[in-house]
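quick one, structure for this:
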Amino acid sequence: MGAELVTAPRSTAPSGGEPALVLEGVSKRYGSTVAVESVDLTAAPGELVTLVGPSGCGKSTTLRLVAGLERPDEGVVRIAGEVVADARRFQEPEQRRVGLVFQDHALFPHLTVAQNVAFGLHRMPRTERQARVGEVLELVRLGHLAGRYPHELSGGEQQRVALARALAPRPAVVLMDEPFSSLDESLRAQVRADTVAVLRETGTTGMLVTHDQTEALSVGDRVIVMNRGNVEQADGPEHVFEHPASRFVASFMGDADFLPAHVHDALLTCEIGVVSTIPGWAHCDVDVDVVLRPHEVALTVDPASTAHVVAVEYHGAFVLHMVRLASGRTLRSWQPHAVRHPVGTAVAVTVVPGITPTLLVGDRAVTSPPCATDSGPTRVG
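Numbers count the residues shown, from 1 in each chain. Purely as a prediction, here's the structure:
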């Protein structure tokens, strides 16, 4: 089942007007393997959308369907209001208003920087083409390198040339498939920030495919989490991380532990005690799982506790503690760098005040009580 992406952008991306990109019920199969299944997706003008998920989840295939590098088996693809693929029509990539940026940059080694950027502008008059090349090279701060060849550039500079080439024809959408993964970690963050700044400045709609959860959360106005060809959740980054729609999203988009819990008359309890109250669940008697992330778990030394620290990992600014509960289940807890409870320390485990944890019934998150409130308590589980 597809999921319509309707959450408002978090940033300055403009809203309203005709969508820059629409996918309606798009599916793609390779033999008996379903790569993408009934995906619905809408991107507003100027919006940055990130697709994230494990290998083989369908995110790159979705991008290739938009680009015209793959033909959908079902569904409709629209770019800037024009149908570019459906049951009767299929536009080739060069006929679509899309710019492409790949992991390997795909620059022509025998062409200069300026010639690479001009490659998709052959229909422009020469004077106009030269002006546009100069404009986009200045935009990515590479005007002084116009005469160099790709092998004379750093990896970050090559990536910026690839972005300039993608932007030169003024596309409706720029599609980026793992564009930063070939860069070393120290350079990746800067090039990523530069790329996002250019897209913001030009008001260009962008779709970024990444396997990096932090990258997806930091770049996207909206984050689309995919799994097995389906959209598991499509929402603002804060909502995806803090209110995951499923067990899969909770575990994939950050460290998460799951404890069996119970809600009775709006009180949520589990092995570590009372977790919180759940407004609106006043007449429920429900078994659930509670999702706890390491930054939500508090520890205090308590010799009488049956929970013990079993591992400690130093991460610089924070120290990760692994705690085994009496049941044998484990929880992770981030502590400030100055707090280090040695292995074997007995600790009381609680939830950081103010946290409203995600509750799961089965593998799906629930935000309203899955029980009848009018006819008395109902047990689910």
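
in the chain, which helix or strand is least confident?
The helix or strand with the lowest mean pLDDT-type score in the chain, counting by mean pLDDT, DSSP states H and E, is strand 379-380 (a mean of 40).

list of residues touching the helix ranked longest in the chain?
When the chain is parsed with DSSP state H, its longest helix is helix 185-202. For helix 185-202, contacts defined as Cβ atoms under 8 Å, 6 or more residues apart in numbering pick out 11-12, 46, 48, 139-141, 154-156, 159-160, 163, 167, 174, 176, 179-181, 183, 204, 206, 215, 218-219. From N, CA and C alone the C-beta is placed, and that goes for glycine too.

helices of the protein, start to end?
Under the criterion DSSP H, the chain contains helices at 59-67, 113-118, 126-139, 155-167, 185-202, 213-219, 237-242, 247-252.

show me the shaky parts of the stretch 51-200 of the chain.
Along the stretch 51-200 of the chain, no part satisfies pLDDT under 70.

let's see it at 90
Residue ranges of the stretch 51-200 of the chain with pLDDT under 90: 102-106, 120, 122-123, 181-187.

which among the contacts of helix 185-202 count as buried?
Among those, those classed as buried by 16 or more other Cβ atoms under 10 Å are 46, 48, 139-140, 156, 159-160, 163, 167, 174, 176, 179-180, 183, 204, 206, 215, 219.

give me the domain ranges for the chain.
21-97+171-252, 257-380 (automatic domain parsing).

deepest of those domains, which one?
domain 21-97+171-252 (a mean of 19; mean count of other Cβ atoms under 10 Å).

and that domain, how far out from the chain middle?
Relative to the chain's own centre, domain 21-97+171-252 is displaced by 9 Å; criterion: Cα atoms, centre = their mean, to the nearest Å.

quick one: end-to-end length of it, please.
End-to-end distance for domain 21-97+171-252, by Cα to Cα, to the nearest Å: 26 Å.

before we move on, what about stretch 261-276?
11 Å.

also stretch 319-332?
Criterion Cα to Cα; first-to-last residue distance in stretch 319-332 is 10 Å.

now it, how far from the centre of its chain.
Centroid displacement of stretch 319-332 relative to its chain, using Cα atoms, centre = their mean, is 28 Å.

what's in contact with that stretch?
Residues contacting stretch 319-332 (Cβ under 8 Å, 6+ apart): 255, 257, 259, 271-272, 292, 294, 297, 299, 306-313, 333-337, 339-341, 347, 349.

next: stretch 262-282.
Here stretch 262-282 has contacts from 259-261, 283-288, 290, 307, 325-327, 329, 331, 349-351, 355-357, 359, 368-369, 373, using Cβ under 8 Å, 6+ apart.

name the nearest residue to the residue of the chain most remote from its centre, sequence neighbours excluded.
The centre of the chain is farthest from one residue, A304, which by Cα atoms, centre = their mean lies 42.2 Å away. Excluding the flanking residues, the one nearest A304 by Cβ to Cβ, 6 or more residues apart in numbering is A346, at 7.2 Å.

and the gap between the one you found and H211?
Applying Cβ to Cβ, to the nearest Å, the value for A346 to H211 is 39 Å.

do R222 as well
Between R222 and H211 the distance is 18 Å, computed by Cβ to Cβ.

now do P260
Computed as Cβ to Cβ, the P260 to H211 distance reads 31 Å.

just D177 next, same as before
Between D177 and H211 the computed distance is 11 Å (Cβ to Cβ).

cool, and L325?
To H211, L325 is 32 Å away according to Cβ to Cβ.

run through who's touching stretch 81-88.
For stretch 81-88, contacts defined as Cβ under 8 Å, 6+ apart pick out 18-19, 65, 68, 71-72, 74-78, 89-91, 95-97.

show the end-to-end separation of that stretch, please.
17 Å.

just checking, E296 touches V351?
Yes - counting by Cβ atoms under 8 Å, E296 touches V351, with 5.9 Å between them.

now do the shared contacts for these two.
Shared contacts of E296 and V351, defined by Cβ under 8 Å, 6+ apart, comprise P357.

spit out the contact partners of F252.
V52, G53, P54, Q213, V225, N227.

okay if I get those as CSV plus distance to T195?
Output for the contacts of F252, formatted as CSV (distance: Cβ to Cβ, whole Å):
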residue, distance to T195
V52, 17
G53, 21
P54, 24
Q213, 18
V225, 22
N227, 26
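
report the mean per-residue pLDDT for stretch 241-258.
Averaging pLDDT along stretch 241-258 gives 96.

give me the distance between the two termini of it.
OK, stretch 241-258 end separation, Cα to Cα: 15 Å.

now stretch 206-224
The first residue of stretch 206-224 is 13 Å away from its last residue (Cα to Cα).

what of stretch 55-64?
15 Å.

residues in contact with it?
23, 26, 28, 35-37, 39, 41, 51-53, 70, 175, 177-178, 207, 209, 211, 224, 226-230.

okay, and the beta partners of the residue lying closest to G344 once chain neighbours are set aside?
The spatially closest residue to G344, leaving aside those adjacent along the chain, is H308, at 6.1 Å (Cβ to Cβ, 6+ apart). For H308, the beta-bridge partners are R324, A346 (DSSP bridges).

still on that earlier bit, nearest to V133, out of the domains of the chain?
domain 21-97+171-252 (15.2 Å; Cβ to Cβ).

cool, thanks, signing off.
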